[in-house]
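Engineer: okay, here's the prediction I keep looking at, along with the sequence it came from:
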Amino acid sequence: MFRGVLATAVAMTVLAAVPASADEVTGPVDLGTLPGGLTSSGLLVTNHGTVFGEAYDKAFDVHGARWDPAGRISELRPLDGYRTVKATALNEAGVAVGDSTNHFTTGRATRWDASGMPVELEQPTGFPGYPWSTPVAINESGVVAGTAYGAPGPDAAVRWDSLGKVTVLGLGRARAVNDAGAVISESTYWDPAGNVVALTDGGSLHDLDNAGTVVGSIGVHAAKWDSTGRPTVLDTTWEASEALAIAADGSIVGEVRDKDSTTRIARWDAAGTLTVLPDGGESRFTAVSPSGAVLGQLDAGTPVVWDRAGRVLRLPVPDGGICFAKGLDDWEVTGSCSLPGQNSHAVLWRFGEPVGNQAR
């Protein structure tokens, strides 16, 4: 049950609770916000139970926030000279990246390690000189992919190494990075050395895995490309389809659309076999866990998890409340919930057993 702002000791007790059965989901548990702040939101959660998101401080400025597995919040402040933070990504080691901004107008790419101290990532120069940058993804080695912008010409995809040194890859807006350091933009694939991989048949790109497999779409149909750029169209039986994410086990998640424009969450296994979410209504994809459990939203606004066993688990929503689920690991989902007349707070739902293949 949603309880409003919980004291830290109470939050720790509730977070330790374990659902009674495999199919039961507990929560949403209110993670609270910064001292004096009114609003917060969870965006991502690692398999170690660290939640990453945003929270407003007492001056009504939004900062980054990190909740440990016991539910204790720590503030991720912007760089000196900036007032706000736009949170973007977190790796399993708990290293976070985002923008230090002045109310989201322009930003400086920033990284926070376990200490929470903000460190500016190097700004690219001479290409032909971009004054601003934003990170979008971080891998397990601390390599960050992002976009530099603000020059007269198009945006540039960039990559920062684990020490924060920047490399300009080429024109485009970065979307993902794998553990080897390969990066994709919306239409270009750079290998770990920064070389462009020519993609046969082109297409729109969304994600890549550690084997170098890229997923997206060719025309109106879902597709994948191997590390050499060779494509495979995943489905042509639906009116339209799109591959949006790829999990560590090679399974691919996206959406399919019927002739009546109904969109449904879809999953392709490593062999390319398609399964559609076993719910007849509209459903939209939100996120995928490392081992392939899928988070989405049903047409009635209900957040739902489609686990690796094929179960569809609807996440509880408090009476009269509105909840948005944003990220999941194999044990929990994070997001935000609000009750009538109350500000939205970061929350956590917990499963009785892992919804993927990972153990904690």
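Structural biologist: Alright, I've got the coordinates. Residues are numbered from 1 along each chain as shown.
Engineer: where in the stretch 101-250 of the chain is pLDDT low?
Structural biologist: Low-confidence regions of the stretch 101-250 of the chain, defined by pLDDT under 70, span residues 104-105, 126-128.
Engineer: tally up the residues packed near the nearest residue in space to residue 327 that is not next to it in sequence, please.
Structural biologist: With Cβ to Cβ, 6 or more residues apart in numbering as the criterion, residue 327 has its nearest non-adjacent residue at 4.0 Å, and that residue is residue 44. From N, CA and C alone the C-beta is placed, and that goes for glycine too. Counted with other Cβ atoms under 10 Å, residues neighbouring residue 44 total 21.
Engineer: run through the bridge partners of residue 44.
Structural biologist: Here residue 44 sits in beta bridges with residue 52, as judged by DSSP bridges.
Engineer: quick one: contacts for it?
Structural biologist: Contact analysis of residue 44 by Cβ atoms under 8 Å, 6 or more residues apart in numbering lists 51-53, 89-90, 326-327, 334.
Engineer: helices of the chain, start to end?
Structural biologist: Taking DSSP state H as the test, the helices found in the chain are 8-15.
Engineer: contacts for stretch 187-199?
Structural biologist: Contact with stretch 187-199 is made by 157, 159, 167, 169-172, 180-184, 202-205, 208, 212, 214, 225, 227-229, 231, as judged by Cβ under 8 Å, 6+ apart.
Engineer: so residue 351 makes contact with residue 328?
Structural biologist: No - counting by Cβ atoms under 8 Å, no contact exists between residue 351 and residue 328, whose distance comes to 9.3 Å.
Engineer: give the residues shared as contacts by those two.
Structural biologist: residue 305.
Engineer: ok so, going back, closest to residue 123 out of the contacts of residue 44?
Structural biologist: Nearest to residue 123 among these is residue 89, at 18.5 Å by Cβ to Cβ.
Engineer: tell me what the closest one is bridged to.
Structural biologist: residue 97.
Engineer: so how far is residue 329 from it?
Structural biologist: As defined by Cβ to Cβ, to the nearest Å, residue 89 lies at a distance of 14 Å from residue 329.
Engineer: which of the two has more residues huddled nearby?
Structural biologist: Using other Cβ under 10 Å as the criterion, residue 89 and residue 329 rank with residue 329 on top: 26 against 22.
Engineer: show me what contacts that one?
Structural biologist: With Cβ under 8 Å, 6+ apart, residue 329 has these contacts: 45-47, 49, 289-290, 356, 358.
Engineer: before we move on, what about residue 234?
Structural biologist: By Cβ under 8 Å, 6+ apart, the contact set of residue 234 is 221-224, 241, 243, 252, 268, 272, 274.
Engineer: that one and residue 331: what is the separation?
Structural biologist: From residue 234 to residue 331 the distance is 29 Å (Cβ to Cβ).
Engineer: do residue 271 as well
Structural biologist: From residue 271 to residue 331 the distance is 27 Å (Cβ to Cβ).
Engineer: kindly report the same for residue 121.
Structural biologist: Going from residue 121 to residue 331 by Cβ to Cβ gives 31 Å.
Engineer: compare those two (neighbour count), which wins?
Structural biologist: Neighbours were counted for residue 121 and for residue 331 using other Cβ under 10 Å; residue 331 has more, 24 against 21.
Engineer: does that one touch residue 348 like I think?
Structural biologist: No - at 9.9 Å, residue 331 does not count as touching residue 348 under the criterion of Cβ under 8 Å.
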